[in-house]
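Chemist: Structure of the sequence below:
(4 chains)
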Number of protein chains: 2
Amino acid sequence: MAPREDKKEIIIENAVAVFAEKGYYKATTAMVAKAAGVTQPYVFHFFKNKEELFKAVIDRAFGRIYDTFSEVQAPANKLMETMGRAFEQIVQTHRDEVLMVMQAHAIAEEGIREHVKNLFLTIFDSLTLKFENAGLPNAKQTASHFVGTGLLITVAEVLDLPQLTNKVDH
Amino acid sequence: MAPREDKKEIIIENAVAVFAEKGYYKATTAMVAKAAGVTQPYVFHFFKNKEELFKAVIDRAFGRIYDTFSEVQAPANKLMETMGRAFEQIVQTHRDEVLMVMQAHAIAEEGIREHVKNLFLTIFDSLTLKFENAGLPNAKQTASHFVGTGLLITVAEVLDLPQLTNKVDH
DNA sequence: TTTTATTTATTTATCAATAAATAAATGTCA
DNA sequence: TGACATTTATTTATTGATAAATAAATAAAA
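Modeler: Model prediction:
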């Protein structure tokens, strides 16, 4: 038998894919279970309820984006461009997680909305700080522009509209 | 008794509010009916199903944004700023509709996604054309920046994070 | 009196969540 | 070492709730 933590990990990984494709409400715990190769009630052995499962998944998605941005190192005049490329990298390698981040704010569950709000703000603040530390002027406006562009790229992904991101500048 | 078209109108208006607050999946047709002052099954007299009701609502929301942008007239050097103010105006006067536009892309129903995709693209293209006609260079990039900023403003509204939009430039 | 407007009553379907049961693994000590 | 005991992993079966959608009935107006 697989150790407990392994199964939990497997469930989260598969839940990312299911939630990203179906969205929070159309994704059923049965689908997640099936994808992970366990039975539906067993999911509740690891997560108190569907909402907690989703939070675990969204933590992972935001965490990867946060970590990626944190690790970027570049001279001030190349920082924006390098960060932009880093984001595009994540969009390619972990598309599902990026889609989830985009969809997360549209979930009406109060607990989830609060959670997403905090995660979103954490990323925004860390970006602002990074731009500040790099000595860029108007760090906050720069962060706004950066995040706005990221949102557009993500919406274009969600709606399958590659035209929108052909010539976005960084 | 109220004429048919009036009731349909009333249902749409109330559906905007309900969908904006609850989101597509948590909003029930019973809620919409109650808000509109009719019975739940009667909603189906005007709309084939919940999806068609939602499409009618989303058409209205996108339509208002589209019309607003179309009507803006300003000299090239003030166009961006004027457009930005026009959008902020809509956010204030028709907050629910703007929230709906933001949430619409996160709906997994294929029919809705396709519908939203077309509406989104229509607005983006009309913006690009407007910037082109005004003689602005890089009309497409300008439109991207404009829409990206709009998305950020809207996400900030959805998540109730006014900090994010304090100093967004236009 | 025949449409039009609208309600009440019901059906069908779907899910999250719980409870109870089973099976496999691990440890203990004679 | 091998039988017994205990824990850990996992499944089957079921419930309770909710919501969309349909059909039949009623009331008002033209």
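Chemist: is it true that A:Asp160 touches B:Val116?
Modeler: No - between A:Asp160 and B:Val116 no contact is recorded; they are 11.0 Å apart, counting by Cβ atoms under 8 Å. Every C-beta, even on glycine, is put in place using the N, C-alpha and C of the backbone.
Chemist: Between the two, tell me which one has more neighbours.
Modeler: Neighbours were tallied for A:Asp160 and for B:Val116 using other Cβ atoms under 10 Å in any protein chain shown; the higher tally belongs to B:Val116 (25 against 9).
Chemist: Regarding A:Thr28, what are the backbone dihedral angles?
Modeler: A:Thr28 has phi and psi values of phi -100, psi 160 when expressed as degrees, to the nearest 10.
Chemist: what's the answer for A:Thr39, then?
Modeler: Per-residue torsions, A:Thr39: phi -90, psi 160 (degrees, to the nearest 10).
Chemist: how far away is it from A:His45?
Modeler: When distances are taken as Cβ to Cβ, to the nearest Å, A:Thr39 and A:His45 turn out to be 10 Å apart.
Chemist: can you check A:Asp160 too?
Modeler: Counting by Cβ to Cβ, the gap between A:Asp160 and A:His45 amounts to 36 Å.
Chemist: same question, A:Ala104
Modeler: On the measure of Cβ to Cβ, A:Ala104 and A:His45 end up 25 Å apart.
Chemist: just A:Lys22 next, same as before
Modeler: With distances taken as Cβ to Cβ, A:Lys22 is found 22 Å from A:His45.
Chemist: okay, those two: which has more neighbours?
Modeler: A:Lys22 (15 against 12).
Chemist: Now for the more buried one: which residues touch it?
Modeler: If a contact means Cβ atoms under 8 Å, 6 or more residues apart in numbering or on different chains, then A:Lys22 has A:31, B:108 as its contacts.
Chemist: residues in chain A within reach of chain B, list them.
Modeler: With Cβ under 8 Å from any Cβ of the partner chain as the criterion, chain A meets chain B at residues A:21-26, A:102-103, A:105-108, A:113, A:116-117, A:120-121, A:124, A:140-141, A:144-145, A:147-149, A:151-152, A:155, A:158-161, A:163-169.
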